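Trainee: Structure for this input, please:
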Amino acid sequence: METWYYWADNQEFGPVTKLELYKLFKANVIAGYSFVRPHAPQTQDSDTWLAYKELKIRRSDFTWDELNGANLDDSELNDEASSEDAPKQSTASETASGGQDNNHRKGIWNDLSPHPWRRYFARWVDISIYANLIFSPAMARFTPNDLNQYMQQLSIIDLVAILIVIPVLFFSSVAIINTVLTGIFGTTIGKYLLGIKVLSKDGLRLSMKQTAKRETLVYVKGFALGLPVLSLITQMYGYFDLTMDKTTSWDKSLNTTIDHRENNGLQFWISLIVIGVYLYFSQSPYSPYIAWL
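Mentor: Predicted coordinates:
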């Protein structure tokens, strides 16, 4: 069996199997850039270190039984849980979530992979909807010629001020709207359609206060207050955090988790149709350069 050593907390651990490496990655013990090396004592290649992400280990590499077994192994590591308490915990969990409905939910919302592009488009759909609601009524009375004449009358200072003030005000409005929607419904339109849930570390819906904190951090760290250029830079960092650490800085600081609807063919077509239909009918004047959250 192929086994590996991994580097964490300034020391080497192992050997472990690929499944165990995958578990460590899911548990955020190692990240995409963490060093691993093959356990091959009879060859000279065992000293070659590479990044975990280069192994390209995916959930589909393992069977459902292997993954369930992995979950059982994790539970056995908890010293506070006993075999007598296990049935009680299972029963309480089923009661709280509706018995078989809980298993059904796990079967659907069981994808904890980062999915930066799905998250990007989910927020893009939300922001475009808000832009239509805010900007379209205000600009409906202006013709293209009116807008061109107005732009020609602006000085450089006026133009810079508009490019700074409008995004800052708009993104602050987005943060408020998202806070209200998520606090009331537990999600937004874009997130629901593209299969994304923001939950607490215990798997519960975020409160209004938690949602407000998260949206504020997204507004500041993810969008850089909507400032041109700076916003693109912060979004690049958000993308790198997601692909390498599997989480953003704001989710890490708030201990929030992102669950995704299973990335199957149905979800793919839902996402494709939602994005395509909205693009076709959208009249938003705002060109999105938005975040991974």
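Trainee: Contacts for the one helix or strand Gln210 maps to, please.
Mentor: Secondary structure assigned from DSSP states H and E places Gln210 in helix 208-217. By C-beta atoms under 8 Å, 6 or more residues apart in numbering, the surrounding residues in contact with helix 208-217 are 175-176, 178-179, 182-183, 198, 200, 206, 249-251, 253-254, 256. The C-beta positions use only the backbone N, C-alpha and C, and glycine is treated the same way.
Trainee: now the nearest residue to Lys53 once chain neighbours are set aside, what's its secondary structure?
Mentor: With C-beta to C-beta, 6 or more residues apart in numbering as the criterion, Lys53 has its nearest non-adjacent residue at 3.8 Å, and that residue is Gly32. The assignment at Gly32 comes out as coil when based on DSSP: H, G, I helix; E, B strand; the rest coil.
Trainee: Distance-wise, check Gly32 relative to Asp245.
Mentor: Remark: distance between Gly32 and Asp245 (C-beta to C-beta, to the nearest Å) = 7 Å.
Trainee: thought Leu24 was touching Val16?
Mentor: Yes - between Leu24 and Val16 there is a contact at 7.3 Å, judged by C-beta atoms under 8 Å.
Trainee: quick one on the thing from earlier: wait, what's in contact with the residue nearest to Lys53?
Mentor: Residues in contact with Gly32, defined by C-beta under 8 Å, 6+ apart, are Phe25, Ala51, Tyr52, Lys53, Thr243, Met244, Asp245, Lys246.
Trainee: wouldn't the last one be in contact with Pro114 here?
Mentor: Yes - the criterion here is C-beta under 8 Å, and Lys246 meets it with Pro114 at 5.2 Å.
Trainee: List the buried residues in the helix holding Gln210.
Mentor: Residues Gln210, Thr211, Ala212, Lys213, Arg214, Glu215, Leu217 are the ones in helix 208-217 that count as buried (16 or more other C-beta atoms under 10 Å).
Trainee: nearest to Met1, of those residues?
Mentor: Within the set of the buried residues of helix 208-217, Arg214 lies nearest Met1; the separation is 41.5 Å, counting by C-beta to C-beta.
Trainee: so what's that closest one scoring on pLDDT?
Mentor: If you check Arg214, the pLDDT there is 93.
Trainee: now swap in the one 5 residues further on and tell me
Mentor: According to the prediction, Tyr219 has pLDDT 90.
Trainee: Am I right that it is in contact with Leu227?
Mentor: No - in this structure, Tyr219 is not within contact of Leu227 by C-beta under 8 Å, at 11.2 Å.
Trainee: okay, these two: which has more neighbours?
Mentor: Counting neighbours by other C-beta atoms under 10 Å for Tyr219 and for Leu227 shows that Tyr219 has the greater number, 21 against 16.
Trainee: can you pull out the strands in the protein?
Mentor: In the chain, the segments counted as strands under DSSP state E are 3-8, 11-17, 35-38, 50-51, 196-200, 256-260.
Trainee: For Ile273, which of the ones you listed is the nearest?
Mentor: Distances from Ile273 to each of the strands of the chain were compared by C-beta to C-beta, and the smallest falls on strand 196-200, at 16.3 Å.
Trainee: Name the residues of the closest one that are buried.
Mentor: Of the residues in strand 196-200, those buried under the neighbour-count criterion (16+ other C-beta under 10 Å) are Ile196, Lys197, Val198, Leu199.
Trainee: ok now the lengthiest helix in the chain, how far from the chain's centre?
Mentor: Taking DSSP state H as the assignment, the helix of the chain that covers the most residues is helix 156-185. The gap between the average C-alpha position of helix 156-185 and the chain average comes to 21 Å, counting by C-alpha atoms, centre = their mean, to the nearest Å.
Trainee: Count the residues that sit near Pro137.
Mentor: With neighbours defined by other C-beta under 10 Å, the count for Pro137 comes to 9.
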